[in-house]
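Asks: no sequence for this one, just the structure:
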């Protein structure tokens, strides 16, 4: 008999079938096969006797809590779009503000081309500006407004980019505990 | 229509209370599968939770003609295997050990597991040294009491592949046990008799009975 056939007969017997007459004969004739059959049976009984484990008491509650949290959050693509828009808007605003103030107080001395570009940007910003730009003509107010703007943007970035990730990590570690 | 099918239908229509009932109903088998696959309770809980979340998101694609439990276990099994692969990749990139060094350290670990007193502990620990696909078929067969065709449906493999893996997995465990036990003393009660009883004490039936009892 082919080895695969013997294997099939053994597996079939282990998985609830009858121990066939041909296998019985083979086991009687071959001590190696009989030893193999005993080893397989031993593993089978050990596996079958191993008990099930219980999930933690509040497992279902935790799953539903996680699900509620996930459903409350905006879809991932929407969050990414918001983050990108915020980064772009923040970077542009800060750059424009820095250039405008530098131009106004002539703090920097850069090359003629870059200077012209900054000048144009500053003029454009001044033209579009409004209340805070007129305030920036007074140096103390200008720095104050610029500082406040930077703090607000930093807070917004922190809120949108950093906090959600740390909260996710915290939720994960709570789940693990 | 049975209660489970009603809950599934309601959950598909967006009823979260119905999904909560399904979680309660299936938490034990899903957690057990994750536990046997991942080998520790922390990872198992996290993976089982994620499997339920995945199932919730995929509910609209669930085919009601299939068994819900098989579908759910299939999601859990694939999730656990993905997780193990990711973990292994991270370990390889962190350790930077060449393959022969990893094999050597595996062999030392196997030896340590074989020194455990209790045979049940030993076999549980040795499960972790099987390839993921082998471990999965053993877990589904013994702790979930699934037949060949149900295991094939859960894993997406053919019945013949499942039979072959089951055989190799049992054989590998037997080899690992024999490595630490050259004399191979007494078999458990019932072993050695001509008729091997089916492992009906284990698995799915037990999971479900206890869930109902709770």
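Replies: That came through fine. What you see is a predicted model, and the numbers here were worked out from it, not measured in a lab.
Asks: state the mean pLDDT of the lengthiest helix in chain B.
Replies: Under DSSP state H, the helix in chain B containing the largest number of residues is helix B:68-95. Summarised as a single mean, pLDDT over helix B:68-95 is 86.
Asks: buried stuff in it?
Replies: Across helix B:68-95, burial judged by 16 or more other C-beta atoms under 10 Å in any protein chain shown covers B:68-81, B:83-84. No exception for glycine: its C-beta is placed from N, CA and C like everyone else's.
Asks: could you give the mean pLDDT of the longest helix anywhere in chain A?
Replies: Scanning chain A for the helix with the most residues, using DSSP H, yields helix A:76-105. For helix A:76-105, mean pLDDT rounds to 75.
Asks: can you give me the strands in chain B?
Replies: Per DSSP state E, chain B carries no strands over any range.
Asks: can you map out the helices along it?
Replies: B:3-12, B:16-38, B:41-58, B:68-95, B:99-114, B:119-127, B:132-142, B:148-155, B:159-179, B:204-213.
Asks: which of the ones you listed sits closest to residue A:86?
Replies: Checking the helices of chain B against residue A:86 by C-beta to C-beta gives helix B:41-58 as the closest, at 27.0 Å.
Asks: who's in contact with the closest one?
Replies: Contacts to helix B:41-58, defined as C-beta atoms under 8 Å, 6 or more residues apart in numbering or on different chains, come from residues A:53, A:55-56, A:59, A:62-63, A:66-67, A:70, A:172, A:175-176, B:11, B:19, B:23, B:27, B:30-31, B:33-35, B:37-38, B:71-72, B:75-76, B:79-80, B:83.
Asks: let me know the pLDDT of the closest residue to residue B:77 other than its chain neighbours.
Replies: Among residues not flanking residue B:77 along the chain, residue B:136 sits closest, at 5.6 Å (C-beta to C-beta, 6 or more residues apart in numbering or on different chains). On pLDDT, residue B:136 comes in at 94.
Asks: how close does residue B:136 get to chain A?
Replies: Applying C-beta to the nearest C-beta, to the nearest Å, the value for residue B:136 to chain A is 14 Å.
Asks: my guess is that residue contacts residue B:81. True?
Replies: Yes. Using C-beta atoms under 8 Å, residue B:136 is in contact with residue B:81, at 7.0 Å.
Asks: overlap in contacts of the two?
Replies: By C-beta under 8 Å, 6+ apart, the residues touching both residue B:136 and residue B:81 are residue B:37.
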